[in-house]
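In: Everything below, folded, please.
(one chain, ligands or ions: 2)
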Amino acid sequence: MDPLDPAVPGLLSAGRLEVTGRIVNASNATLFCDIELDGVRAKCVYKPIRGERPLWDFPDGTLADREYASYLLAEAFAPDGCVMVPPTLLREGPFGPGMVQLWIDTDEDGGLVDVLAPSDVPDGWLTVLRARDSLGEPAVLVHADHPELQRMAVLDVVLNNADRKAGHVLAGVDGRVYGVDHGICLHEEDKLRTVLWGWVGQKLPTELRATVRAVRRELDNGLRTRLADHLTRRELRALSERVDGLLATPRFPEPSGYGPAIPWPAF
Ligand SMILES: Nc1ncnc2c1ncn2[C@@H]1O[C@H](COP(=O)(O)OP(=O)(O)OP(=O)(O)O)[C@@H](O)[C@H]1O
Ligand SMILES: [Mg+2]
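Out: Ligands and ions are numbered 1, 2, ... in the order given. Below is the predicted model of the structure:
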């Protein structure tokens, strides 16, 4: 279903959820569902809070709230209403309260992040890491030089995203780029881990600087209050500081030097 369809919010919040599968390999209980309301159907992801695996560095039972808070911030990032995170909300489900997110149909050939032999890198793609594969052959972690990915990279700085791996960057069949899996975002300590380092040190393009200013305005105009139901005061303060940091130094930041800069596995 088109994320911009006006039926989406009502369907996600009040639709009947039917679990149809579980995403294998997922570290938490990530359930694949059909959702239906008044004959309108869509696919979605449901992550019950109860299924969240405890993590050493994030407080228990907070991942769904972080996913929702990330969606609210992504909304502030979308001047045209085209939000980079699929519509997401918190609600009751068959396994208790959790987060529900619209499923995005992806273009299998439209991948924007990859690990390739150096000779296979498409023209214009940016190299993040040079390594050797299991056979000792050179391999590179690369991503497209795409304005929507740039926007996602800045969103990740604001979210302090600790897990922007390739599988969390989706190329929609609608030609748009979506980010998913924002459970480990918005920690108060610096944890940015991403594959989108291709623009390190470069100036933010004018339109992205305007976006960051718009996010600051939204925070001051009620967004901070909405986020306060989902984040701690310290997390909110750190969020504000990250936005102010980008306004003061409008560049794609460098890795902080604390902890790994790239999520592992990167896919
Ligand atoms: N809204 C969505 N639309 C389409 N695909 C999705 C959506 N959400 C998740 N996926 C796909 O399902 C995979 C697993 O989901 P997600 O990463 O959110 O779960 P997880 O429990 O954190 O898993 P993992 O531990 O593998 O990261 C994603 O990598 C992505 O390919
Ligand atoms: Mg994931």
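In: Any chance of the backbone angles for Trp199?
Out: Main-chain dihedrals, Trp199, degrees, to the nearest 10: phi -110, psi 20.
In: For it, give me the pLDDT.
Out: At Trp199, the pLDDT value in this model is 97.
In: Report how many residues lie close to it.
Out: Counted with other C-beta atoms under 10 Å, the neighbours of Trp199 add up to 19. (C-beta placed from N, C-alpha, C; glycine too.)
In: what's near enough to touch it?
Out: Applying C-beta atoms under 8 Å, 6 or more residues apart in numbering, we find Trp199 in contact with 126, 150, 153, 252.
In: how far away is the second one from Gly222?
Out: Which is Gln150. Per C-beta to C-beta, to the nearest Å, Gln150 is found 27 Å from Gly222.
In: Which of these two has more residues huddled nearby?
Out: Between Gln150 and Gly222, Gln150 has the larger neighbour count (other C-beta under 10 Å), namely 20 against 9.
In: mind listing what the more buried one touches?
Out: If you count contacts by C-beta under 8 Å, 6+ apart, then Gln150 has 199, 205, 208, 252 around it.
In: same thing but 10 Å
Out: Shown in contact with Gln150 (C-beta atoms under 10 Å, 6 or more residues apart in numbering): 144, 196, 198-199, 202, 204-205, 207-208, 252.
In: Now it: which helix or strand?
Out: helix 147-159 (DSSP states H and E).
In: Could you tell me which other helices and strands the next helix or strand along the chain from that helix packs against?
Out: Later in the chain than helix 147-159, the nearest helix or strand by DSSP H and E is strand 169-171. Applying 3 or more C-beta pairs under 10 Å, 6 or more residues apart in numbering; DSSP states H and E, we find strand 169-171 packed against helix 147-159, strand 177-179.
In: any low-confidence regions in the protein?
Out: 26 (pLDDT under 70).
In: repeat that for 80
Out: For the chain, the stretches with pLDDT under 80 are 23-27, 79.
In: residue ranges for the strands of it, please.
Out: With strands called from DSSP state E, the chain shows them at 16-22, 31-37, 40-48, 88-91, 98-102, 113-116, 126-132, 138-143, 169-171, 177-179.
In: so Leu208 makes contact with Glu148?
Out: No - Leu208 lies out of contact with Glu148 (C-beta atoms under 10 Å); the separation is 11.0 Å.
In: and the stretch 1-150 of the chain, which residues reach ligand 1?
Out: Within the stretch 1-150 of the chain, the residues that sit near ligand 1 (C-beta under 6 Å from any ligand atom) are 23, 25-28, 30, 45, 86, 101, 103-104.
In: Would you mind checking these for buried ones?
Out: 28, 30, 45, 86, 101, 103-104 (16 or more other C-beta atoms under 10 Å).
In: returning to that earlier point: select from the contacts of Trp199 the one having the most neighbours.
Out: That'd be Ala153 among those, by other C-beta under 10 Å, with 24 neighbours.
In: how close does Asp156 sit to Asp163?
Out: 9 Å.
In: Compare these two and say which is more crowded by neighbours.
Out: Set Asp156 next to Asp163 and count neighbours by other C-beta under 10 Å: Asp156 wins out with 23 against 18.
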